[in-house]
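Chemist: With the input below, show me the fold.
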Amino acid sequence: MTEVIIVKNQDEAGKIYAQRVARLIEQKPDCVLGLATGSSPLAAYHQLAALVKAESIDVSQVRGFALDEYAGLDPQHPQSYKSTINRTVVEPLGLDPDKIHVPNGDLSTIKDAGTMYDEAIEAAGGIDIQILGIGTDGHIGFNEPGSSLASGTRIKTLTEQTRIDNARFFDDDINQVPTHCITQGIGTILKARHLVLLAFGSGKAEAIAETVEGGISSFCPASALQLHRRATVIVDEAAASRLRNKDYYQYSYEHKPAWQGI
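Modeler: This next block holds a predicted model:
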């Protein structure tokens, strides 16, 4: 069963993620992190950066792979995911930018970019911890409803709702939001050794309920987490509001042996 942790706020969620990653880095200095953009992971990255600084953790060997990138957007554009990852993860944590990879959204080579990205992840030994956000329609990465649960990294057409949701990053102008992206597929994501999904606010409540307690279906791509041997969903009270087994999740986490971690 997917582990569900219900927290008071995003900072509490971020601290849980930060502790997990910090201990991983100490155990495996060249670990591979799966990185996501969007608003949900920001507090987690902030807490991790603070912990790295407070404990003087050596991150010089840490490697990373981003979930996705817009197709046809200049990598130097401030809203490209390459720029976003640099701004929100690489610089605050002091990571080596040469060790952090983002899918290649160049339209001239995008036909083979997905296969090459999956091969690069495999060559790195696979992703140790993959952080995830979730869309209001249950998408993870840019795997929109209807995406194959066995899919690899590939080009996808964004739904209008996703473009509307992301317009806030483009001066609230949907016309500036690209129509396509290159994204890790569900099959690629499921290969990570540990998945950590973060969700906050009532707008994510239905998607979280379908992800954790609904049937496994391509119409809620995140529901594929139920197939994973180690998936952790960290949500606030609002995002957890539609979970039928909410009380059990809280009880289970409160009585979890400390040695198990997350």
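
Chemist: Pull up the distance across stretch 22-38, start to finish.
Modeler: Using CA to CA, to the nearest Å, the end-to-end distance of stretch 22-38 comes to 22 Å.

Chemist: Tell me which residues of stretch 158-169 come out buried.
Modeler: For stretch 158-169, burial by neighbour count (16 or more other CB atoms under 10 Å) applies to Leu158, Thr159, Thr162, Arg163, Asp165, Asn166. Every residue, glycine included, has its C-beta placed from N, CA and C.

Chemist: Equivalent analysis for stretch 139-148, please.
Modeler: Buried-residue list, stretch 139-148, by 16+ other CB under 10 Å: His139, Ile140, Gly141, Phe142, Asn143, Glu144, Ser147.

Chemist: ok, these vs Val90, which is closest?
Modeler: Taking CB to CB as the measure, Val90 lies nearest Gly141 of the buried residues of stretch 139-148, at 19.3 Å.

Chemist: do you know how far the closest one is from His255?
Modeler: Plainly put, Gly141 is 33 Å away from His255 if you go by CB to CB, to the nearest Å.

Chemist: re earlier: what's the most distant pair in the buried residues of stretch 158-169?
Modeler: Spatial extent of the buried residues of stretch 158-169 (CB to CB) is set by the pair Thr159 and Asn166 at 10.6 Å.

Chemist: just to revisit the earlier point, quick check, nearest of the buried residues of stretch 158-169 to Ser56?
Modeler: Asn166 (36.5 Å).

Chemist: What's the local residue count around the nearest residue to Gly201 once chain neighbours are set aside?
Modeler: Nearest non-adjacent residue to Gly201, counting by CB to CB, 6 or more residues apart in numbering: Ala238, 5.2 Å away. For Ala238, the neighbour count with other CB atoms under 10 Å is 15.

Chemist: what do you get for Tyr248?
Modeler: Tyr248 has 12 neighbouring residues, counting by other CB under 10 Å.

Chemist: next one: Gln76
Modeler: Neighbours around Gln76, by other CB under 10 Å: 8.

Chemist: ok, now His255?
Modeler: For His255, the count of nearby residues is 7 (other CB under 10 Å).

Chemist: Doesn't Pro78 belong to a strand?
Modeler: No: the assignment for Pro78 (DSSP: H, G, I helix; E, B strand; the rest coil) gives coil, which keeps it out of a strand.

Chemist: Going forward, the N-terminal residue is numbered 3.
Modeler: Sure thing, new numbering starts at 3, so read that last one as Pro80.

Chemist: What are the phi and psi values at it?
Modeler: When read as degrees, to the nearest 10, the backbone of Pro80 gives phi -60, psi -20.

Chemist: Look up how far Phe172 lies from it.
Modeler: 10 Å.

Chemist: Who has more neighbours out of those two?
Modeler: Shown here are Pro80 and Phe172; by other CB under 10 Å, Phe172 has more neighbours (16 against 10).

Chemist: burial measure for the residue nearest to the more buried one when sequence neighbours are not counted, as a count.
Modeler: Nearest non-adjacent residue to Phe172, counting by CB to CB, 6+ apart: Gln178, 3.9 Å away. Neighbour count of Gln178, defined by other CB under 10 Å: 15.

Chemist: What of the one 10 residues further on?
Modeler: Ile188: 24 surrounding residues under other CB under 10 Å.

Chemist: quick one on the thing from earlier: surely the residue nearest to Phe172 is in contact with Arg170?
Modeler: No: applying CB atoms under 8 Å, one finds Gln178 not in contact with Arg170, separated by 11.1 Å.

Chemist: For Phe171, give me the pLDDT.
Modeler: pLDDT, Phe171: 88.
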